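# coords below, sequence missing:
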């Protein structure tokens, strides 16, 4: 098919020879004809250099005197760039450089684009959501330029297994694509284990911690000399695994490494080389190693917690057994509800459809910057098209840009007004702000140890934060928002930090509405303003909160789509009237009578809310400010500072407020964790907030679920349509959990103000599920 000039997408497993499918035709074409060129696009720098090494190996065999291939990226020295533009036949780069360095200056690449025969898009499955939508628009710009140079290259795409590879390929390049998905590569025996850590407290539903279980398995693999990768779902967890193993095996520090974004380029290349050579025995990594960087074969992969999609789970598992040797993949379930759902219903995990990658290239927030860029690169005329964008839509957008004084129309052509190219004003990966540089200060020396993206830096590297890098703890002494520098020093304390975030929702437009018996459900356009307002200091050994510090960090604003569920008055009244909803009476301990009397005496036998005094007809109650069930220690719960005297009416109102907060929080927790099952997305693509007195719904209890990408990508809209099924899945999750009164695996741990109550959440789920299902 490739030799016939057809566009193809190759979908096979890890180490199946996908790269040869484009390397051989490209080199053969150059060998036979001499002049053709090829543009190879990779989503990461690591993959780019990995493929350069492979192509150079073949190139030296066929063209020992020539330099045909080169990488063109942000690290390419300025002195080499002109030479690359003039001589290179095989150009390896990434979408970011295509956006800001090739397309805006295409006249410098005239000969290369004129002779372009092949476009290779590697790791197609990575081009989803905002990134994929931007990339599709880049290719639309590229095709306009290629039309100008009268070039019609063939497109070869490669992908890991996803639910819709052919469909995604055709959405990305907007041309017909043939599918090749037969994998004939040799495979060794593959063993898969789903491990659910043991319960250590049945009443609270608490299992052995994911970090403890993962570290034990990693130690077992090290003790038995099994080269392994431990896949972690966060940068912090990655560093904690490395730290634990370094403490246990201090003699193996150079053989136990971390790998994630934020490490310097040479550090990552060193780790990759060490894995391939066998010098590095174990790497704890984020999904940065999920992509197809050539690291040779490892014997075992441990996946600590569900990675957000079946696609990622398969990609990570595929890192084990890259030869005919036997290998093992161990998926360790965390206390996360989705992990525990799979542990209780494993057949659902293995029968679950592989996720379909979604893009929306016509989202105005994504499309408009590329229309500006394309007009800068080559003016539009009245007969032009921009991919599959409707002709009327295209000219509506162009006329809008004229109204904004960005474009100018002369005769039948649309010209960009500024001489400054617009592609430098936005990021195709969803964040426009520059990264923070991490600088370590020691005495009179400073050393750069890594970098971190802007949005993550605000909550991971704020002043006072404890930051982990390659298993070492650092204290953030300052964060310079203007210079984008985080100043670090070594830290030897015994506490960690957790950021405190606040979020504010504004409704811009209600687009859809359902009025059901107990709830009202709406979908529409929203704004989410979030801010880090402080941080907690948490003791590493006891998890006791040592203190809270205030911060004043910049506000981050997100315009997106959201779904919100409001509990109506009938729902609230039904909850109030049903005694079962209030759960079991707490046993306050043997000294409760004397403790209660002390509280009453301190408060002068007077309700501290309304001032009513004790009488025969109005007895007083002693209320726990922080609910009794939130404590492990009875003595702590019954401290006088946590007790307040209330009359029966005020006590009822206080308890009711706790119950509403509990069931609302529990329902939000369950929905947030089960939603990815229905919309087949990464867990990071959605976020949620519960508010017992929401400002946007007339102070009513409300749950908001929203897309985390600007403009939305249809996830919350899908949840709006499938709400009945979502409620059913949440009921299955909570009702089958073995805990007594709420835990991290169902409705969340019981916390201050009673949030996370299992009985309350179950009653609410049964109420709205029965009537709305």
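Arrived safely, thanks for sending. The model shown is predicted, which means the values in this text are computed figures rather than measured ones. Numbers count the residues shown, from 1 in each chain.

# Show me the contact partners of stretch 123-131.
9, 42-43, 47, 95, 121, 132, 135-136, 157-162, 165, 168-169, 172, 291-292, 311, 315, 357-359, 366, 428-430, 685, 709-710, 713 (C-beta atoms under 8 Å, 6 or more residues apart in numbering). Glycine gets a C-beta too; all of them are placed from N, C-alpha and C.

# tell me the helices in the stretch 401-550 of the chain, going along the chain?
454-460 (DSSP state H, counting those that start in this stretch).

# For it, which segments are assigned as strands?
Counting by DSSP state E, counting those that start in this stretch, the stretch 401-550 of the chain has strands at residues 407-410, 413-416, 436-442, 445-452, 466-469, 472-480, 485-490, 495-515, 519-539, 545-550.

# Residue 561 - that's part of a helix, no?
No - applying DSSP: H, G, I helix; E, B strand; the rest coil, one finds residue 561 to be strand, outside a helix.

# Please name the residues that touch it.
523-526, 706-707, 711-712, 714, 716-717.

# Give the ChimeraX command for selecting the buried subset of those residues.
To isolate the buried ones among the contacts of residue 561 in ChimeraX, judged by 16 or more other C-beta atoms under 10 Å, type:
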select :523,524,525,526,706,707,711,712,716,717
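
# would you turn the contacts of residue 561 into a markdown table with distance to residue 409 and pLDDT?
Shown next, in a markdown table, are the contacts of residue 561 (distance: C-beta to C-beta, whole Å; pLDDT from 0 to 100):
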| residue | distance to residue 409 | pLDDT |
| --- | --- | --- |
| 523 | 37 | 97 |
| 524 | 34 | 96 |
| 525 | 30 | 95 |
| 526 | 35 | 96 |
| 706 | 38 | 95 |
| 707 | 35 | 90 |
| 711 | 27 | 80 |
| 712 | 32 | 83 |
| 714 | 33 | 82 |
| 716 | 38 | 91 |
| 717 | 35 | 90 |
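
# Just put the contacts of residue 561 in TSV and tack on distance to residue 730.
Formatted as TSV, the contacts of residue 561 follow (distance: C-beta to C-beta, whole Å):
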residue	distance to residue 730
523	18
524	23
525	26
526	22
706	18
707	19
711	27
712	22
714	21
716	16
717	19
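
# wait, which of the contacts of residue 561 is closest to residue 596?
Of all the contacts of residue 561, the one with the least separation from residue 596 (C-beta to C-beta) is residue 706, at 44.5 Å.

# so that closest one bridges to which residues?
With DSSP bridges applied, residue 706 shows beta-bridge pairing to residue 562, residue 687.

# That one against residue 527, yeah?
No - here residue 706 does not reach residue 527: they are 9.9 Å apart, not a contact under C-beta atoms under 8 Å.

# list residues touching both of these two?
Joint contacts of residue 706 and residue 527 (C-beta under 8 Å, 6+ apart) are residue 560.

# Residue 94 and residue 573: what is the separation?
Distance of residue 94 to residue 573, given as C-beta to C-beta, to the nearest Å: 58 Å.

# okay, the two: which has more neighbours?
residue 94 (20 against 10; other C-beta atoms under 10 Å).

# Looking at the backbone only, give me phi and psi for the more buried one.
Per-residue torsions, residue 94: phi -130, psi 170 (degrees, to the nearest 10).

# Let me know the distance separating the residue nearest to it when sequence neighbours are not counted from residue 80.
In space, and not counting its chain neighbours, residue 94 is closest to residue 42: 5.7 Å by C-beta to C-beta, 6 or more residues apart in numbering. Applying C-beta to C-beta, the value for residue 42 to residue 80 is 19 Å.

# and if you look at residue 21?
29 Å.

# Mind checking which of these two has more residues around it?
residue 21 (18 against 12).

# Where does the more buried one fall, secondary structure wise?
helix 20-33 (DSSP states H and E).

# contacting residues around the residue nearest to residue 94?
48, 51, 92-94, 122-123.

# Could you export those as a markdown table, including distance to residue 61, pLDDT and secondary structure?
Listed next are the contacts of residue 42 as a markdown table, based on distance: C-beta to C-beta, whole Å; pLDDT from 0 to 100; DSSP: H, G, I helix; E, B strand; the rest coil:
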| residue | distance to residue 61 | pLDDT | secondary structure |
| --- | --- | --- | --- |
| 48 | 21 | 88 | helix |
| 51 | 16 | 89 | helix |
| 92 | 18 | 97 | strand |
| 93 | 24 | 96 | strand |
| 94 | 27 | 95 | coil |
| 122 | 22 | 93 | coil |
| 123 | 26 | 89 | coil |
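
# Which of those sits closest to residue 148?
Once C-beta to C-beta is applied, the member of those that ends up nearest residue 148 is residue 93, at 20.0 Å.

# shouldn't that closest one be in contact with residue 39?
Yes - under the contact definition of C-beta under 8 Å, residue 93 touches residue 39, with a separation of 7.4 Å.

# Return the member of the contacts of residue 561 nearest to residue 271.
residue 707 (34.0 Å).

# That closest one against residue 688, yeah?
No - using C-beta under 8 Å, residue 707 makes no contact with residue 688, being 11.0 Å away.

# May I have the residues that are in contact with the nearest residue to residue 624 once chain neighbours are set aside?
Once flanking residues are discounted, residue 624 sits nearest to residue 642: 5.8 Å by C-beta to C-beta, 6+ apart. By C-beta under 8 Å, 6+ apart, the contact list for residue 642 reads 624-626, 636.

# Dead centre of this structure: give me the residue that sits there.
residue 684 (3.4 Å; C-alpha atoms, centre = their mean).

# quick check, it in a strand?
No - under three-state DSSP, residue 684 falls outside any strand and is assigned helix.

# who are the neighbours in contact with it?
308, 708.

# For it, give its distance to residue 181.
28 Å.

# correct me, but residue 720 touches residue 523?
Yes - counting by C-beta under 8 Å, residue 720 touches residue 523, with 4.3 Å between them.

# Quick check: neighbours shared by those two?
What both residue 720 and residue 523 touch, as defined by C-beta under 8 Å, 6+ apart, is the set 512, 563.

# returning to that earlier point: how far away is the residue nearest to the centre of the chain from residue 341?
Residue 684 is 18 Å from residue 341, by C-beta to C-beta.

# contacting residues for residue 725?
Contacts of residue 725 (C-beta under 8 Å, 6+ apart): residue 678.

# got it, and the one 10 residues further on?
When contacts are counted by C-beta under 8 Å, 6+ apart, residue 735 is found next to residue 762.

# number of nearby residues for residue 179?
Residue 179 has 17 nearby residues by other C-beta under 10 Å.

# by contact count, what packs against the helix or strand containing it?
Using DSSP H and E, residue 179 falls within strand 178-180. Where contact means 3 or more C-beta pairs under 8 Å, 6 or more residues apart in numbering; DSSP states H and E, strand 178-180 is packed against strand 8-11, helix 165-173.
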